[in-house]
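J.: What follows is a predicted structure for the sequence shown.
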Amino acid sequence: MSTDVAASRAELQQSLLVHLAAALDTLSVDELRDLAEGRGRLVFSPETPAPSAPATATATATATAPGAGRAVPHRPSTRPTARPTAVVVDVTADVAAIHRCATPEEVRAHLAERRFTVPVLRQLARALGPTVPASGRSRAELVHAIVEGTVGFRARSHALSGGAWVRS
């Protein structure tokens, strides 16, 4: 009996892996990266029977399904059903605002106030120029790169030149 259960379980796992692979194929590279790095999760949600299906057919199918004795309670999602609309960001205006900042704290405050998403932070980093790498993986890395590549770069450049370019 235990070998039958193990074989049935292995078949179910193999079938599940096929369906899981198909579901993963629908995700973007960023979503896959978030899942792999623990910033995302897959959620099990049992399908409800179609409303047009007769109740007796549903009950019969449920009774013969493997694991039918275990009921999985359905918890309604607390997330909104519709995705929020994307906020339009004027990258050139934010680049100009960052260039006007005189201290690293001002740049951090601007970025914290606007609460940019990681893709928008990457756009800002690219728009700020070659001194700002857009390769950060997280929000914290991108904010650090933007601060160091703008105000930090100007401060280091000024400290290194030490006024050497000023004519007397």
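T.: Ah, there it is. Numbering: from 1, shown residues only.

J.: pLDDT of the lengthiest helix in the chain, averaged?
T.: For the chain, the longest helix by residue count, based on DSSP state H, is helix 2-25. Averaging pLDDT along helix 2-25 yields 79.

J.: Residues in contact with the helix or strand following that helix: which ones?
T.: Proceeding N to C from helix 2-25, the next assigned helix or strand is helix 29-36, under DSSP states H and E. Identification of contacts with helix 29-36 by Cβ atoms under 8 Å, 6 or more residues apart in numbering yields 24, 27, 40, 41, 42, 119, 137. For every residue, glycine as well, the C-beta is placed using N, CA and C.

J.: Where do the domain boundaries of the chain fall?
T.: For the chain, automatic domain parsing gives the domain ranges 2-64, 91-161.

J.: Determine which of those domains shows the lowest mean per-residue pLDDT.
T.: Taking the mean pLDDT of those, domain 2-64 comes last: a mean of 70.

J.: Helices of this structure, residue ranges please.
T.: Along the chain, counting by DSSP H, helices occupy 2-25, 29-36, 55-64, 91-100, 104-114, 118-128, 139-147, 153-161.

J.: now those helices as TSV including mean neighbour count?
T.: Compiled in TSV, those are given as follows (neighbours: other Cβ atoms under 10 Å):
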stretch	mean neighbour count
helix 2-25	10
helix 29-36	12
helix 55-64	10
helix 91-100	14
helix 104-114	15
helix 118-128	18
helix 139-147	19
helix 153-161	11
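
J.: Residue 119: what's it in contact with?
T.: By Cβ under 8 Å, 6+ apart, the residues touching residue 119 are residue 30.

J.: Please renumber the chain so that the first residue is 4 from this point on.
T.: Shifting the count to begin at 4 puts that one at residue 122.

J.: Show me the two of the contacts of helix 32-39 that sit farthest apart.
T.: 45 and 122 (21.6 Å; Cβ to Cβ).

J.: contacting residues around stretch 24-31?
T.: So stretch 24-31 is contacted by 35, 38, 45 (Cβ under 8 Å, 6+ apart).

J.: As a markdown table, the residues you listed with distance to residue 23 would be great.
T.: Listed next are the contacts of stretch 24-31 as a markdown table, based on distance: Cβ to Cβ, whole Å:
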| residue | distance to residue 23 |
| --- | --- |
| 35 | 12 |
| 38 | 11 |
| 45 | 8 |
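
J.: ok, of those, which one's closest to residue 21?
T.: Among those, residue 45 lies closest to residue 21 (Cβ to Cβ), at 15.1 Å.
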